Structure formats: structure tokens, C-alpha cells
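Participant: Model the following, please.
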Amino acid sequence: MKGAGVTSGVGASPTSGVRHSIAPTPAAPNSSSRPRTARAPLALGSFDCGRILNAKTAASQFRGGIIMGLGLALTEETFFDERSGRIMNPSLAEYHVPVHMDVPRIEVIWNDIPDPHSPLGTHGIGEIGITGVGAAVANAIYNATGKRIRELPITLDKLM
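Facilitator: Presented below is the predicted three-dimensional model:
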């Protein structure tokens with residue numbers, strides 16, 4: 001996919017025999033009808049997590065992680081008072097997290113191949129959906145603008 005940023009997690013460790021879940025996460029920029037906004041028309045998560053025991057809860061867990069990753073990449077930022085060290089946005093009224101209108105269509109897929117090293121063939125999925133989203137969004141914005149931002153969240157003032 002042109003303009004996509006792809007990142008992945010950690011694979012099998014040859015020394016320990018422990019296997020980890022893997023989650024490549026592509027992101028593509030969209031020329032929004034609202035200028036000066038970063039919008040993703042679709043978020044796609046692809047996961048290698050061994051056997052999935054409950055597809056509905058796994059998909060929900062993956063989607064929630066992707067939403068958290070979008071917040072990390074684009075909106076969530078803690079401000080500190082330089083003199084006192086106190087947090088200046090301590091409540092959800094001032095701390096911006098993604099809401100329903102901020103979230104694109106999310107599709108998740110997984111391979112459902114049992115892990116031979118686990119009795120049930122499973123891996124932990126936890127919040128693996130978060131891991132690649134920030135880097136994928138940053139790469140998509142770089143591909144769209146030509147400016148590499150290495151500090152999250154990516155805001156308009158950092159792109160100027």
C-alpha cells in the first residue's frame with residue numbers, strides 16, 4: 001500500500017523458546033475535507049496470536065488497542081507546570097482521548113495458528129493493538145508531508 005507505515009512486534013526468541021504475539025499495523029493518510037487534520041479512513045490490524053479462544057472478545061481487545069494507539073499518536077498529551085511540577089490537565093475534561101467521531105473504521109485479522117509450545121496453543125493478546133499504531137501513523141504523516149515527527153502526540157504545531 002503506497003503511503004503505508006508498517007511496524008511489527010517481536011517474534012520467536014531462539015534462546016528461550018518463548019513466543020510473542022506479532023502485530024504489523026499499516027496506516028495511510030487521507031486528504032481530509034477538513035484541512036490541517038490528520039485522519040485515517042481505515043485502521044487495519046493484523047495479529048499473530050496463536051489460537052484465539054473467543055473471537056468476539058479478541059477482536060474487541062484488538063480494536064480497543066488500536067484506538068488507544070491512535071490517541072497516543074494524535075491527541076493524548078500531559079502538560080506540566082514547570083514551576084511546581086503539577087499536572088495541568090489532570091481530568092478527562094482537559095485530557096483529550098479519542099471519542100467515537102475520532103475513530104476510523106477498524107478491521108482486525110489474525111491467523112489463528114496454534115502455538116506448538118503452549119498447551120492450549122494460545123499467546124497473550126493483552127493490549128498488543130497499541131504497539132505499532134503510533135509508528136504507523138507517524139510514518140503515514142511523514143509520507144504525506146515529508147516531515148518526520150519523532151515526538152508524540154503529532155500535532156499541527158509540530159508539523160509547522
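Participant: Downstream of whichever helix in the chain runs longest, the next helix or strand is which one?
Facilitator: Scanning the chain for the longest helix, with DSSP state H as the assignment, gives helix 55-74. Using DSSP states H and E, the helix or strand that follows helix 55-74 in sequence is strand 105-110.
Participant: Between helix 55-74 and the helix or strand following that following strand, find me the angle.
Facilitator: Using DSSP H and E, the helix or strand that directly follows strand 105-110 along the chain is helix 133-145. Between helix 133-145 and helix 55-74, the angle comes out at 50 degrees (axes from the mean of the first three to the mean of the last three Cα atoms, to 10 degrees).
Participant: List the buried residues in helix 133-145.
Facilitator: Neighbour counts over helix 133-145 (16 or more other Cβ atoms under 10 Å) mark 133-142 as buried. Yep, even glycine has a C-beta here, placed from its N, CA and C like the rest.
Participant: cool, stretch 101-116 as well?
Facilitator: Buried positions in stretch 101-116, judged by neighbour count with 16+ other Cβ under 10 Å: 104, 106, 108, 110, 115.
Participant: Stretch 74-87 now?
Facilitator: For stretch 74-87, a neighbour-count test (16+ other Cβ under 10 Å) marks 74-76 as buried.
Participant: ok, now stretch 48-55?
Facilitator: For stretch 48-55, a neighbour-count test (16+ other Cβ under 10 Å) marks 48-50, 52 as buried.
Participant: Now do it, average pLDDT.
Facilitator: Averaged over stretch 48-55, pLDDT sits at 92.
Participant: Quick one: end-to-end length of that stretch, please.
Facilitator: 13 Å (Cα to Cα, to the nearest Å).
Participant: can you give me phi and psi for the nearest residue to T122 once chain neighbours are set aside?
Facilitator: Distances taken as Cβ to Cβ, 6 or more residues apart in numbering put G50 closest to T122, at 4.6 Å, once the chain neighbours are dropped. Dihedral angles of G50 (phi, psi; degrees, to the nearest 10) stand at phi 70, psi -150.
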